[in-house]
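Asker: missing the sequence, but the structure's below:
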C-alpha cells in the first residue's frame, strides 16, 4: 500500500465492510485505486459516521463514474457533474508512488481479508478490467440506500474532501464538519436540525410511532420544552416517595427502566427544558433549537456522550486540584468549589 493512504488520508487496516465493498465492486486492489479517490471514500465515511448513517458502496458510487482506459493504470473516480457531494482532494496527487509498504497477512488476521470459503474479500493484485460505469443504476439500491441517498442529497454540495479528511484528527469532528458545511451552504445548525426533523418524521411513518415522538409541543412552547405527559410521570414518582414500605420505588433509574424502547426517546426529551438549573447558583440556558437537538438523540448516543463528558470532567478536575494545591491561599476558593 502507498504510505500516503495511511499518513495523509487516515486509511487503516483492516478495512471495514464499506471499503472492501467499494474495492470489490470496482474490481481493483487498494494500490490501483487513485489516492484522490481514496480521499473521497474516506470523506464519505466520515460524513456518514457524523450523521449516524451506515455507509453503502452503492450510495457512494452514485456520486461518481469511472472511465478505465485500455492500458492497466490507476482507477480514478470522476465526480458526477449534476450530483457532486465532495470536491476533489487535490488537482494533482504528487510523489505518492515512491513511498509504500507491504502488508503480510498472517493466519490470525486472515478472517479480515478472506471469506469463510477462502475467497479474498477484495482483489490483492492489479486487475486488467476495472469496473466501468457512467451512472450507477438506482434499481440496484435498497430501500435503506434510497433513504440514505435522499438524506445526503440535502447537504451542501462540493464539500472539501481535504478539510473533511482533516477532521479525522479532531477532538470535535461533528462541530468541525458543520463548520465546513456552513462555509459552503446554510448554517450547520439549520442543516442538522432539518435532517433530524425529517429523520423523526420518517421513523414515525415507518414504525407507526405515536405523535409524542415528533417535537410539536417542544416547538410550540417557547418557554417550556417538557411535554405534558412527561410531567405527569414526574408527579407520579413524587407520590411514590411517600410510601415507607417501598423505599426503592422513588429511584429514577428503576422508574425509567420500566419504559419500553419506544418510550426511551420521550423520557430523554423530558430531561431537557429551556432552562436547566444544576445545583444552587448554577443555571444552564438552552435555546429551543439546542434542546431539540439533544432530545432527538438516540439513548445510546446520549450515554456515549455522557461517558465522554464524565471522563473529561475527571481529567479537568484532577488538573484543577493540582493547580489549587500549588497556590498559597486557596482556602476560600476551595470552599466555594466544594459548596457547588
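Answerer: In hand now; what should we look at? Since the structure is predicted, the reported quantities are computational estimates derived from the model, not experimental observations.
Asker: got a list of what residue 79 touches?
Answerer: By CB atoms under 8 Å, 6 or more residues apart in numbering, the contact set of residue 79 is 40, 63-64, 86-88. All C-beta atoms are positioned from the backbone trio N, CA, C, and that covers glycine.
Asker: The same query, at a cut-off of 7 Å, please.
Answerer: By CB atoms under 7 Å, 6 or more residues apart in numbering, residue 79 lies in contact with 63-64.
Asker: and if you look at the one 5 residues further on?
Answerer: For residue 84, the contacting residues are 63, 157-158, taking CB under 7 Å, 6+ apart as the criterion.
Asker: same thing with residue 173?
Answerer: The neighbours of residue 173, taking CB under 7 Å, 6+ apart as the test, are 46, 50, 167.
Asker: so the first one makes contact with residue 166?
Answerer: Just to be clear, that refers to residue 46. No - using CB atoms under 7 Å as the test, residue 46 is too far from residue 166 to be in contact (10.0 Å).
Asker: where are the low-confidence patches of the chain?
Answerer: 185-204, 206-290, 327-340 (pLDDT under 70).
Asker: which helices and strands does the longest helix anywhere in it pack with?
Answerer: Across the chain, the longest stretch assigned as helix under DSSP state H is helix 299-325. Applying 3 or more CB pairs under 7 Å, 6 or more residues apart in numbering; DSSP states H and E, we find helix 299-325 packed against helix 264-269.
Asker: backbone phi and psi for residue 65, please?
Answerer: The phi/psi pair for residue 65 (degrees, to the nearest 10) reads phi -140, psi 170.
Asker: In contact with the closest residue in space to residue 177 that isn't next to it in sequence: list those residues for me.
Answerer: Nearest non-adjacent residue to residue 177, counting by CB to CB, 6 or more residues apart in numbering: residue 50, 5.1 Å away. Neighbour list for residue 50: 173-174, 177 [criterion: CB under 7 Å, 6+ apart].
Asker: quick one: residue 50 from residue 114, how far?
Answerer: According to CB to CB, to the nearest Å, residue 50 stands 31 Å off from residue 114.
Asker: Could you do residue 84 as well?
Answerer: From residue 84 over to residue 114 (counting by CB to CB), the distance is 36 Å.
Asker: likewise residue 66?
Answerer: Here the distance between residue 66 and residue 114 works out to 26 Å (CB to CB).
Asker: Tell me which of these two has more neighbours.
Answerer: Neighbours were counted for residue 66 and for residue 114 using other CB atoms under 10 Å; residue 66 has more, 18 against 13.
Asker: these two touch, right, that one and residue 134?
Answerer: No - with contact defined as CB under 7 Å, residue 66 does not count as touching residue 134 (8.5 Å).
Asker: who's in contact with residue 57?
Answerer: Applying CB under 7 Å, 6+ apart, we find residue 57 in contact with 18, 21-22, 25.
Asker: Can you tell me the element residue 151 falls in?
Answerer: Assigned by DSSP states H and E, residue 151 belongs to helix 143-152.
Asker: which of the residues in that helix are buried?
Answerer: The neighbour-count check on helix 143-152 (16 or more other CB atoms under 10 Å) flags 145, 147-149, 151-152 as buried.
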